[in-house]
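> how would this look folded up:
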Amino acid sequence: MTSPTESSDRLIAQNRRAHHDFAILDTIEAGLVLAGTEVKSLRGGKASLAESFATIDNGEVFVRQMHIPPYEQGNRWNLDPVRTRKLLLHREEILKLQKAVAQKGQTLIPLKLYFHKGRAKLLLGIAKGKKSHDKRASIADRDAKREIARARRGSERGE
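The predicted structure is shown next:
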């Protein structure tokens with residue numbers, strides 16, 4: 001299976017805060033039900049996943065608070081920019097997500113929005129919220145790795 005980081009996929013939006021605020025346990029790719037003007041707006045590279053989250057209602061998965069700005073030439077066919085949008089998943093995937101969300105402290109967070117083979121896809125992450133001490137630990141780990149890489153590069157140059 002291809003990943004959303006390959007060159008055939010075109011990244012539209014990414015939730016950068018998700019990895020800082022949450023520990024991502026698993027990811028799943030979902031299709032989106034969109035209107036024509038929303039797709040045209042996405043092709044222009046406009047969208048925001050900053051405040052978005054996903055919910056499961058009556059066996060269906062929805063993404064909420066995902067902002068797709070109105071298409072400039074869309075006039076009366078433009079819809080609400082932050083409307084609830086349905087996600088397309090297989091039944092087994094929905095059951096897996098339901099089990100994960102039923103556990104205390106786990107939620108569904110949109111990580112990336114991209115086009116794959118001409119179709120809009122959303123990478124959903126099963127996430128668990130980080131405490132402030134966990135955030136500090138992950139920042140310290142990242143800084144330590146950066147220092148190690150800097151020292152390694154310095155030794156390769158002969159310094």
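> count the neighbours of Asp143 for me.
10 (other C-beta atoms under 10 Å). (Glycine included, C-beta is placed from N, CA and C.)
> equivalent analysis for Leu32, please.
With other C-beta under 10 Å as criterion, Leu32 counts 19.
> same question for Thr37.
Thr37: 19 neighbours (other C-beta under 10 Å).
> pLDDT score assigned to it?
For Thr37, the model assigns a pLDDT of 81.
> got it, and Leu95?
Looking at Leu95, its pLDDT is 90.
> which residues touch it?
Not one residue lies near Leu95 by C-beta atoms under 8 Å, 6 or more residues apart in numbering.
> buried ones in the helix or strand harbouring it, by neighbour count?
According to DSSP states H and E, Leu95 maps onto helix 91-102. Across helix 91-102, burial judged by 16 or more other C-beta atoms under 10 Å covers 93-94, 97, 100-101.
> which SSE is immediately downstream of it?
Per DSSP H and E, helix 91-102 leads on to strand 106-116 as the next helix or strand towards the C-terminus.
> could you give the mean pLDDT of that next one?
Rounded mean pLDDT across strand 106-116 is 90.
> counting by contacts, list what that strand packs against.
With contacts defined as 3 or more C-beta pairs under 8 Å, 6 or more residues apart in numbering; DSSP states H and E, the packing partners of strand 106-116 are strand 10-14, helix 17-21, strand 22-32, helix 36-43, strand 53-57, helix 91-102, strand 119-129.
> right, and those - which one's nearest Arg153?
Arg153 lies closest to helix 17-21 among the helices and strands packed on strand 106-116, at 24.5 Å (C-beta to C-beta).
> and the closest one, what does it pack against?
When contacts are defined as 3+ C-beta pairs under 8 Å, 6+ apart, helix 17-21 sits against strand 106-116, strand 119-129, helix 132-156.
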